[in-house]
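K.L.:
pasting a predicted model and its sequence here:
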Amino acid sequence: MSELRFECLGARAEAHAVSPTLLLRLRITEPSPDGVHTIALRCQIRVEPRLRRYTEAESVLLTDVFGAPARWDETQQAMQFASVSLMVPGFTGSTEVDLPVPCGYDMEVAAGHYFAALDDGEIPLLLLFSGTVFARAAAGFTVRPVPWDREARCRLPVAVWQELMNLYFPGSGWLRLRRDTLRALHRFKSSHALATWDEAVERLLQESPR
């Protein structure tokens, strides 16, 4: 199984999932003539923020994640994005499968904050693979681990991430507040006869000193 290889061919938004789901298209190659019966695959996905450039507007929003740009050489470390599993059907030679990656829109999670700060370009992802390979053999099956050093890189277009969020949270986002803060905001909204939470926040922003 030393020849088992992984390649990420692209990414797309899943339009019909119960919750926001990104599909990463994988090509898996294992050239032995006996083929593979199945792979119980695990994948850890990390963001590699050092591998792209940032506009001035993006840099301002990313200070909450990495601090001042002058320190980014120290603070731009890889970030955990997701850990997912997949049962890969049997194949001989190579196969292509979709790896579903559930996604959230939590601005307090570093990866979510990072994605939301980007306007364009690509997001550098590192896919680290592990798991178990069940292979055909003359007398049944062999069971071997996926070699520990198997990995692949993916350049996720920011436009695909934005499309995914717009499918499930059209024109909106999520911000978690403490209950006492939310209650105070509720009182402000009611006392000013404001119809929506957006109007309440907009009024507060207008009243705050610039």
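P.N.:
Arrived safely.
K.L.:
switch to C-alpha atoms for all contacts and neighbour counts from now on
P.N.:
Will do.
K.L.:
could you check the pLDDT of Met1?
P.N.:
Per-residue pLDDT puts Met1 at 46.
K.L.:
before we move on, what about Arg144?
P.N.:
With respect to pLDDT, Arg144 scores 91.
K.L.:
contacts for stretch 149-162?
P.N.:
Outside stretch 149-162, the residues within contact range by Cα atoms under 8 Å, 6 or more residues apart in numbering are 4-13, 22, 115, 118-130.
K.L.:
rerun that using 6 Å as the cut-off
P.N.:
Stretch 149-162 is contacted from outside by Glu7, Cys8, Asp120, Gly121, Glu122, Ile123, Pro124, Leu125, Leu126, Leu127, Leu128, Phe129, using Cα atoms under 6 Å, 6 or more residues apart in numbering.
K.L.:
ok, now which ones touch the fourth one?
P.N.:
Read that as Gly121. With Cα under 6 Å, 6+ apart as the criterion, the residues that contact Gly121 are Val158.
K.L.:
if we can go back for a sec, could you work out the most separated pair of the contacts of stretch 149-162?
P.N.:
The span of the contacts of stretch 149-162, defined through Cα to Cα, is set by Asp120 and Phe129 at 27.8 Å.
K.L.:
these two: who's more crowded?
P.N.:
Under the neighbour definition other Cα atoms under 10 Å, Asp120 and Phe129 were set side by side, and Phe129 has more, 22 against 13.
K.L.:
name the SS class of that one, please.
P.N.:
Three-state call for Phe129 (DSSP: H, G, I helix; E, B strand; the rest coil): strand.
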